[in-house]
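Student: need a structure here:
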Amino acid sequence: MWYEEGLKFSCQQSGNCCRGEPGYIWVTDEDCANIAKKLEIEINDFLANCVYEVNGKKTLKEYENGDCIFYDEGCCVYEARPMQCRTWPFWESNLKDKDAWEIAAKSCPGMNQGDIFSKDKIENQKDKMPEL
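Tutor: The predicted structure follows:
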């Protein structure tokens, strides 16, 4: 494992992972319930206004420019953010090899900074990413 000695990461709240290029912010039913509770709205209202489906999977809506609808100079639902967001940057795609990590680190100022995450903690984060 190329990250046997661990990896440094400390969120800098840059929002780079919340803004920009369009994509998908996959959410589970549990994620949706947690965010709706945080927003103090009914789950059905949350689903109708904040989520859409792609191939039977739920994803948060984004603005046309790719920004997450919950980003406004910071994450408005940070404590209830989806598991996909919670597990960043320890995604399979970033952990494939050192080059993949360094490519991702170019747009994330928190990577290679701050606290060292042990290999076990990294694997634990990676394993939390739900199968969607």
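Student: Let me see the domain layout of the protein.
Tutor: Residue ranges for the domains of the chain, per automatic domain parsing: 1-13+88-132, 18-76.
Student: what pLDDT, on average, does the last one get?
Tutor: Averaging the model's pLDDT scores along domain 18-76 yields 94.
Student: Tell me where the protein has strands.
Tutor: 7-9, 26-27, 51-54, 57-60, 111-117 (DSSP state E).
Student: Pick the most buried one from the ones you listed.
Tutor: Ranked by mean neighbour count, the strands of the chain are led by strand 26-27 with a mean of 22 (mean count of other CB atoms under 10 Å). (C-beta placed from N, C-alpha, C; glycine too.)
Student: ok, and what's touching it?
Tutor: Outside strand 26-27, the residues that touch it by CB atoms under 8 Å, 6 or more residues apart in numbering are 35, 51, 57-60, 82, 84, 130, 132.
Student: partners of that strand, with directions?
Tutor: In the sheet, strand 26-27 lines up against strand 57-60 (antiparallel) (DSSP bridges).
Student: Check the offset of the partner strand from the chain's centre.
Tutor: 13 Å (CA atoms, centre = their mean, to the nearest Å).
Student: again, but for stretch 9-29
Tutor: The answer for stretch 9-29 is 5 Å, by CA atoms, centre = their mean.
Student: Give the buried residues for that stretch.
Tutor: The neighbour-count check on stretch 9-29 (16 or more other CB atoms under 10 Å) flags 9, 11, 17-18, 25-28 as buried.
Student: isn't Ala105 right up against Asn112?
Tutor: Yes: contact status for Ala105 versus Asn112: in contact at 5.4 Å, counting by CB atoms under 8 Å.
Student: Now for the residue sitting nearest the centre point of the chain: which residues touch it?
Tutor: Taking CA atoms, centre = their mean as the criterion, Cys85 is the residue nearest the geometric centre of the chain, at 1.6 Å. Applying CB under 8 Å, 6+ apart, we find Cys85 in contact with 17-18, 25, 75.
Student: Fine by me, thanks again.
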